[in-house]
Each structure stands twice: as C-alpha cells, then as structure tokens.
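S.K.: Following is a predicted model, sequence given first.
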Amino acid sequence: MTQVAFPKLLSSQIAFDIARSILDGFDKHYRLFREASQAAKHHFETANWSVAQRAARERIDYYDQRVQEAVHALEDDYAPEELADHVWREIKLHYIGLLSGHKQPELAETFFNSVSCHILHRTYYHNDFIFVRPVISTEYIETDEVLPTYRVYYPAADGLRFALQRIVTNFQFACPFAALEHDVQLVEARLRATFGLDKPESNQQFQVLSSPFFRNKGAYIVGRAINGAREYPFVIPVLHNRRGQLVLDTVLTDPEQIAILFSFTRAYFLVDMEVPSAYVQFLRSLMPRKPKSEIYTLLGLQKQGKTLFYRDYLQHLKHSSDRFQSAPGIRGLVMLVFELPSFPYVFKVIKDFYPPPKDTTRAQIKEKYLLVKHHDRVGRMADTLEYSDVAFPLARFSEELLAELRHHAPSLVEIEGERIIVRHVYIERRMVPLNLYLADADKAGDDARIEHGIREYGNAIRDLVAANIFPGDMLYKNFGVTRQGRVVFYDYDEIEYLTDCVFRDIPEARTEEEEMAAEPWYPVGKHDVFPEQFGRFLLGNAKIRRYFLQHNANLLTRAWWQAHKDRILAGEVHDIFPYPQHIRFHQPNATPAPPHAPPLLENLEHE
C-alpha cells in the first residue's frame, strides 16, 4: 500500500493561508450555485421562462469565474518562490484538514485541482500535489439543515392516495393546482398497475428527494417506492397548463424513460442540494447503469463530472490493452476524431488548418462548442467534456494515428517520454454516424431501419429548430445514432441560432446562361439559407428520398423554417417533452405542435 508522506510538522503559515483562501473560493462558488438553484423554484412558479433559461446558462459559468478569482488572488498575494514544492504539498495537507465535516468535500477537492492546475506545471499533476484520488469520504454525510436529503412516506398509515398527495403538497409550490386530487388519482392508478402496490409489505414506503428538479418549463418530483425487498423508481413531472395552474403531467416508472430524463443530450437540472453526494447516491439507485460522472454533470456539477470521468478513463487504460485508432466515418474538415474501441467515447481535436470551403478559426469553433454547452440541448445535441493537456500512453497509438495528429494538429501535440500530450481535446459519447447507419441498412435491405433513421433525423431537426438551433451542416455524417436508435447532432462548427439565419427561396434564373452557371447568379449573404438546396445533398439514395419526402418534406421549404423563426422571435418557448407523448395525462393542455410538423419526440421510448 502506498503511504502518503506527511511532514513532521505543518508549520507554514503561507500554506495554511493559501489552503483557507482556496476553500473560501469554493464555498463562495457553491453558495452562489445553490442560490441559483433555489431561485429556479420562483422562476417556475411565476412561469418566467426567459429568466429561468438565462439563469441556467449563467450558472454554468460560475465555477470558472470562481476559479479565476482564486487564481488571481494567489498570483497577486504570493511570489512564485513562495510556492515551492514542499509548500504546495503542505497546502494540500492543510486543505484536507479543513475539509473535515464539509458537506461537499468531493467538489471542494475538484476545486482545489482546478486552481492548482492553473498555477502548477503539468509535471505536478500527481497525487502529492493535487487530488488524483479522492481523500475525503462522501458516505453518510449528515445535513445541517432542517430539510433532509429525502423524505419518507408510509402509505400503510393513511392510504396510498393520501401519501401521494402529501408528497406533492410538501413542496409548497406558490401557485394553485388545477385539479390535484384528480391528478393524484391518475398517478395512484398507474403506480398500482405498474408496481403492484395493492399487496403492501410490512415496510412499504415512498422515499422522495426533498428538492424538486427544475429544467426548462418543468419541475420534477423524484423518488422510489419500496415494497418489501423491491424498489421501484418514479418521477412525477409538474407543469403549468394554459391557465397558469399546475398539473401532474404524468408519472414515469420505466427505468429507460427515467434515463431519458437524465440523458447526456439534455440541459443540466437546477436542484438545491446541501449534500450533493447524497443526491447522486439516491439517483444511482434509480439508474444503476449510469456512471456517477454523468449524474454529477446532469445536476449542473459538470466539473465534478469531468473529474470522475477522467478517473474512470485512467482506470480503463490500466485494465485494457487495445490501441487508439481513427474513428470510423467520413473524415471531418475541422476535427480529427479518434477512439479507443473498448471505451464508449470519442476524442475530438481541432485541426490547425481547414481546406476550402471551410472558413473558420479554432477560436470560432470553440465558441460554437461553448454555445452548445450553454444552450438547451433538447435531447438532440451531445454534451461534450473539454480537457487541456491530456496525457495518452504513446505505445497505445498506431503510427498512422500519430502521423495524422502530427500532420493535422501539430500545435496541439507534444511527445513527452512515453506519453503523448494533447493540449486541447473534446470527449463525446460514441455513436454510429447516421450516414453509416443508413448505408448498412441499405446494404442489408432493411427498409424499416432506413425509415426509422430518416424519421429520427427529421425529429432531431424539429427539436433543434424548436430550441432556436440551426445545425448549419445538414449532412447525415454530422448526426449520430445512439444504441437505442435515437438520432443526435454532434458536429457543431457551423451551428447557428435559427433567428440569425435568413431563409430564402432560390430566385428564378433570368436567362439560360444563369440557369446553367456553376456559381449562383444571385447574391448570397453570410447568413442566407436556401432550404430547397438540402435535397441535393440528402436525397441521392432512392429509398432515402422516398422516406424523406414521406416524413420530412417540409424541411425542404423556406416557409416551414421561416414560420419557426417567426414563432421564436415572437417570444414563444416551445414545449419539448423528455418523455413519450402517449403516457401524458394532460395532452390537451400542451402547446400544440407547429403547423406541418409531426408530433415531437414520438420515438422517445428509449435513450
């Protein structure tokens, strides 16, 4: 067992002061983080959707802002020679002592790492100086507040219906329900039918997280039913109807549907947590296949998610022997993409130069990815993890991949002994490129898969448009298919807000020479989009063309795109439900789908 080398005496006042300063920076961050999460309840109650969206976007930047504040304070107050190696080791040991009794120790350790990595050279990125491994346990952390992590309800005492009504009313939403008793009856009937709760065991109970989960226009009550030795997850979405009253829209009981709600393709929740590790542990019991890194990320704690993901990645490297290779699919013009076949993620590196017709820069591409990070991804855009100075084992890279990296991104690659350092990389969940999915289905003569892929492509476009996103490059190669058959957009270098686009019809040619010209005979602005041109790139295959025109013909018309742009400019926030339409209790109260659009998310049974 490796022993930690503790100095005989922690004598440096500088080391203690720095440790205290870093922890103060984290405590400030988490206080502001919780205040934003607490304010989400008021935004929901007042149906102030634009403010809620803006607050969710701004909260994403809180962490980096506090890290920068801490780094600048240390750089201003201490000379580099005061931060010798032995001092920094002592800083970490003082910091560990300060975390005794802390309610968010794992987050505070990650904050320490973030500050340290801004100050130290990467050769110091090991456990003597930063928390490569966690030190403070997050098991059984007690809450100081009156509000526990979860409340427990016992249906046997007062009946299932009364227990369910108490679950809802205990959240004390400051706006009335339209018909709470009726909605509770619907929830009760579905729970009885799904879980068989008519045969109560001696310890039948409901455990419900004490804080609701807020995202977009919904609040979510998250809990589990326990009946004997069996546990059943459930989530109750609470929405506003058109009269501003609250309704219980459905109850999710299928673990796959609950996983959809917590998908990596969706925006982060706002939820008030004194002890986040307790929330993660509770959610992990509902979704045991979802890694803790993803759960932390979906709770808005994306830096902790990155930390846990990187630890998982290092563990995977130790226990695997396959080699990194170029990812399958058409090579991108701006990104070099590679993968480790045994690891379900891809690594994306921005190239140093881009051939025509690409006209962009590395800074602009990073801005596009940041746009997606801050935007509502509506289940149709993959979240990305962004890292700097990532070390890969050189022996695990093929000569071909190494040559590609050196040729396309020499400024981002450095060989350091037995390691290759990539200075900037995005990591995304691996998916099957849609063009390969369609080609394989066509080769196999599987028309049903082709139709499904094209329908899902159209659904993905519609959901993106409803969220004010224009993909830019509509080619199938820029979309991926998840393991459950959902189509997700993942190439962001040409992404734009829909409202910034100018949708046009192609003018009629005035002469035969204009009609036959290789270049457009009409002026084309930077933001001009001609939807009727999409078919030239999307409909080359006869089967694809048939299914595309059957399900998605409106995507080829300017009128359809312009109608959605006008709706967004008018201030409408469209409903995009993260669960199937057919399980909803209150479909008549939902905002109707835009004209000529098939129902949104109709294929969302699994993710």
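M.R.: Received the coordinates, thanks. None of these values were measured; they are calculated from a predicted model.
S.K.: list the buried ones in stretch 147-157?
M.R.: Residues of stretch 147-157 classed as buried: 149, 150, 153, 155 (neighbour count, 16 or more other CB atoms under 10 Å). Yep, even glycine has a C-beta here, placed from its N, CA and C like the rest.
S.K.: Relative to residue 552, which of these is nearest.
M.R.: residue 150 (44.1 Å; CB to CB).
S.K.: and that closest one, what does it touch?
M.R.: 207, 208, 209, 210, 223, 282 (CB atoms under 8 Å, 6 or more residues apart in numbering).
S.K.: Do I have it right that the last one meets residue 149?
M.R.: The one in question is residue 282. Yes - between residue 282 and residue 149 there is a contact under CB atoms under 8 Å: 6.8 Å.
S.K.: what residues are shared contacts of these two?
M.R.: With CB under 8 Å, 6+ apart as the test, residue 282 and residue 149 both reach residue 209.
S.K.: rewinding a little: just the closest of the buried residues of stretch 147-157 to residue 466, please.
M.R.: Nearest member of the buried residues of stretch 147-157 to residue 466, counting by CB to CB, is residue 150, at 33.8 Å.
S.K.: in the sheet, who's paired with that closest one?
M.R.: Residue 150 has these beta-bridge partners by DSSP bridges: residue 209.
S.K.: what helix or strand is residue 425 on?
M.R.: strand 419-429 (DSSP states H and E).
S.K.: list the buried ones in that strand?
M.R.: Here strand 419-429 shows 420, 421, 422, 424, 425, 426, 427, 428, 429 as buried, counting by 16+ other CB under 10 Å.
S.K.: next one: stretch 279-294
M.R.: Buried, per 16+ other CB under 10 Å, within stretch 279-294: 279, 280, 281, 282, 283, 286, 287, 290, 292, 293, 294.
S.K.: Tell me which of those residues fall in helices.
M.R.: Using DSSP state H, the subset of the buried residues of stretch 279-294 located in helices is 279, 280, 281, 282, 283, 286, 292, 293, 294.
S.K.: My guess is the second one contacts residue 291. True?
M.R.: No - the pair residue 280 and residue 291 does not pass the contact test of CB under 8 Å, sitting 10.4 Å apart.
S.K.: Give me the domain ranges for the protein.
M.R.: 13-124, 150-302, 320-430, 433-574 (automatic domain parsing).
S.K.: Save those domains as CSV, and put in mean pLDDT and distance to residue 136 too.
M.R.: Output for those, formatted as CSV (pLDDT from 0 to 100; distance: least, CB to CB, whole Å):
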stretch, mean pLDDT, distance to residue 136
domain 13-124, 92, 4
domain 150-302, 92, 10
domain 320-430, 93, 24
domain 433-574, 91, 35
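S.K.: Which among those is found nearest to residue 581?
M.R.: So among the domains of the chain, domain 150-302 is nearest, using CB to CB, at 9.6 Å.
S.K.: Straight-line length of the closest one, end to end?
M.R.: 23 Å (CA to CA, to the nearest Å).
S.K.: distance between that domain and the chain's centre?
M.R.: Remark: domain 150-302 is offset 20 Å from the chain centroid, using CA atoms, centre = their mean, to the nearest Å.
S.K.: For the stretch 1-150 of the chain, just list every one of the helices.
M.R.: In the stretch 1-150 of the chain, the segments counted as helices under DSSP state H, counting those that start in this stretch are 13-45, 49-60, 62-77, 85-98, 105-119.
S.K.: Strands of the stretch 201-350 of the chain, start to end?
M.R.: For the stretch 201-350 of the chain, the strands defined by DSSP state E, counting those that start in this stretch occupy 205-209, 213-215, 218-227, 230-240, 246-248, 325-326, 335-339, 345-350.
S.K.: Now that residue 541 has come up, it's in contact with residue 438, right?
M.R.: Yes - taking CB under 8 Å as the definition, residue 541 is a contact partner of residue 438 at 7.4 Å.
S.K.: ok, these two, which is more surrounded?
M.R.: Taking other CB atoms under 10 Å, residue 541 and residue 438 do not tie; residue 438 has more neighbours (23 against 15).
S.K.: correct me, but that one touches residue 452?
M.R.: No - taking contacts as CB under 8 Å, residue 438 lies outside contact range of residue 452: 10.0 Å.
S.K.: Show residues contacting stretch 41-61.
M.R.: Against stretch 41-61 from outside (CB under 8 Å, 6+ apart): 33, 36-37, 39-40, 173-175, 212, 214-219, 240, 244, 267-268, 270, 272, 300, 302, 373-376, 571, 573.
S.K.: now with 6 Å?
M.R.: 36, 173, 174, 175, 214, 217, 219, 240, 374, 573 (CB atoms under 6 Å, 6 or more residues apart in numbering).
S.K.: cool, stretch 457-473 as well?
M.R.: Under CB under 6 Å, 6+ apart, the answer for stretch 457-473 is 376, 378, 380, 487, 489, 494-499, 501, 551-552, 555, 564, 568, 574, 576, 597.
S.K.: Show the end-to-end separation of that stretch, please.
M.R.: End-to-end distance (CA to CA), stretch 457-473: 13 Å.
S.K.: what do you get for stretch 531-545?
M.R.: 15 Å.
S.K.: Output the buried residues of strand 419-429 in CSV; the columns should cover distance to residue 410.
M.R.: Below are the buried residues of strand 419-429 laid out as CSV (distance: CB to CB, whole Å):
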residue, distance to residue 410
420, 12
421, 13
422, 12
424, 13
425, 15
426, 18
427, 21
428, 23
429, 28
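S.K.: Grab the two from those that are most spread out in space.
M.R.: 421 and 429, at 23.7 Å, using CB to CB across those.
S.K.: separation between the nearest residue to residue 298 once chain neighbours are set aside and residue 18?
M.R.: Among residues not flanking residue 298 along the chain, residue 262 sits closest, at 5.1 Å (CB to CB, 6 or more residues apart in numbering). Counting by CB to CB, to the nearest Å, the gap from residue 262 to residue 18 is 37 Å.
S.K.: Ok, residue 82 next?
M.R.: Distance from residue 82 to residue 18, by CB to CB: 9 Å.
S.K.: One more: residue 380?
M.R.: For residue 380 relative to residue 18 (CB to CB), the value is 44 Å.
S.K.: List the buried residues in stretch 430-448.
M.R.: 430, 431, 432, 433, 434, 435, 436, 437, 438, 441, 442.
S.K.: quick one: contacts for the second one?
M.R.: By CB under 6 Å, 6+ apart, the residues touching residue 431 are 480, 481, 482.
S.K.: For residue 467, see how far away residue 545 is.
M.R.: 28 Å.
S.K.: again with residue 410
M.R.: For residue 410 relative to residue 467 (CB to CB), the value is 37 Å.
S.K.: got a winner among the contacts of residue 431 for most neighbours?
M.R.: Going by other CB under 10 Å, residue 480 tops the contacts of residue 431 with 26 neighbours.
S.K.: looking at this, that residue is in a strand?
M.R.: Yes - under DSSP: H, G, I helix; E, B strand; the rest coil, residue 480 falls within a strand.
S.K.: what bridges to it?
M.R.: residue 433, residue 488.
S.K.: Now for it: which residues touch it?
M.R.: 431, 433, 488, 490.
S.K.: wait, the last one sits on residue 382?
M.R.: So that's residue 490. Yes - using CB atoms under 6 Å, residue 490 is in contact with residue 382, at 4.7 Å.
S.K.: So for these two, which residue has more residues nearby?
M.R.: Taking other CB under 10 Å, residue 490 and residue 382 do not tie; residue 490 has more neighbours (25 against 22).
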